[in-house]
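*Asks:* Have a look at this fold, sequence not included:
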């Protein structure tokens, strides 16, 4: 293993100690929509808005307003097919929250969206979700 003890750091360059270095990489990661991922109750939420919706659903379940809900439920939209030139991979729509009744039927699908995240791909996926399953997405 090479030794780096003989490397001289210029006076005008600030070196980070190990705690500063770790803090630099432990800071919340921002994405292109400027949302901040949040971990709450051991669950990762893509945004603070999604976390607020989760907390509201937990309260609704505790009060008996809803029977049950799940997070990040994937609905298959198109199956994988092999064409003559390529393989067309399956496509899914991942709902932020799905509310169920006592029989396990879907009551409501909720997606937390801000205007910039309502992309053409998203609108196409919810259109396909409606065509295949008859489910309309509630956007919050």
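*Replies:* Perfect, I can see it now. All of these numbers come straight from a predicted model, not from anything done at the bench.

*Asks:* Low-confidence stretches in this structure?
*Replies:* 1-7, 9-10, 13, 16, 21-30 (pLDDT under 70).

*Asks:* ranges for the helices of it?
*Replies:* With DSSP state H as the criterion, the chain has helices at 18-26, 48-63, 120-133.

*Asks:* Pick the most deeply packed of these.
*Replies:* helix 48-63 (a mean of 15; mean count of other C-beta atoms under 10 Å). (Each C-beta comes from the backbone N, C-alpha and C, glycine too.)

*Asks:* Now for the residue positioned nearest the centre of the chain: which residues touch it?
*Replies:* Geometric centre of the chain, nearest residue: residue 46, 4.4 Å, by C-alpha atoms, centre = their mean. Contacts for residue 46 (C-beta atoms under 8 Å, 6 or more residues apart in numbering) come out as 35, 37, 96, 112.

*Asks:* if we go to 10 Å?
*Replies:* 31, 33, 35, 36, 37, 38, 72, 96, 112, 117 (C-beta atoms under 10 Å, 6 or more residues apart in numbering).

*Asks:* Could you dump these into JSON lines with neighbour count added?
*Replies:* Output for the contacts of residue 46, formatted as JSON lines (neighbours: other C-beta atoms under 10 Å):
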{"residue": "31", "neighbour count": "10"}
{"residue": "33", "neighbour count": "12"}
{"residue": "35", "neighbour count": "20"}
{"residue": "36", "neighbour count": "14"}
{"residue": "37", "neighbour count": "15"}
{"residue": "38", "neighbour count": "17"}
{"residue": "72", "neighbour count": "14"}
{"residue": "96", "neighbour count": "22"}
{"residue": "112", "neighbour count": "21"}
{"residue": "117", "neighbour count": "15"}
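
*Asks:* Reformat the residues you listed as TSV; add distance to residue 129.
*Replies:* Below are the contacts of residue 46 laid out as TSV (distance: C-beta to C-beta, whole Å):
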residue	distance to residue 129
31	24
33	21
35	22
36	27
37	25
38	26
72	15
96	13
112	16
117	16
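
*Asks:* Just the ones of those residues in strands?
*Replies:* 38, 72, 96 (DSSP state E).

*Asks:* Can you verify my assumption that the last one contacts residue 122?
*Replies:* So that's residue 96. No - judged on C-beta atoms under 10 Å, residue 96 makes no contact with residue 122 at a distance of 11.6 Å.
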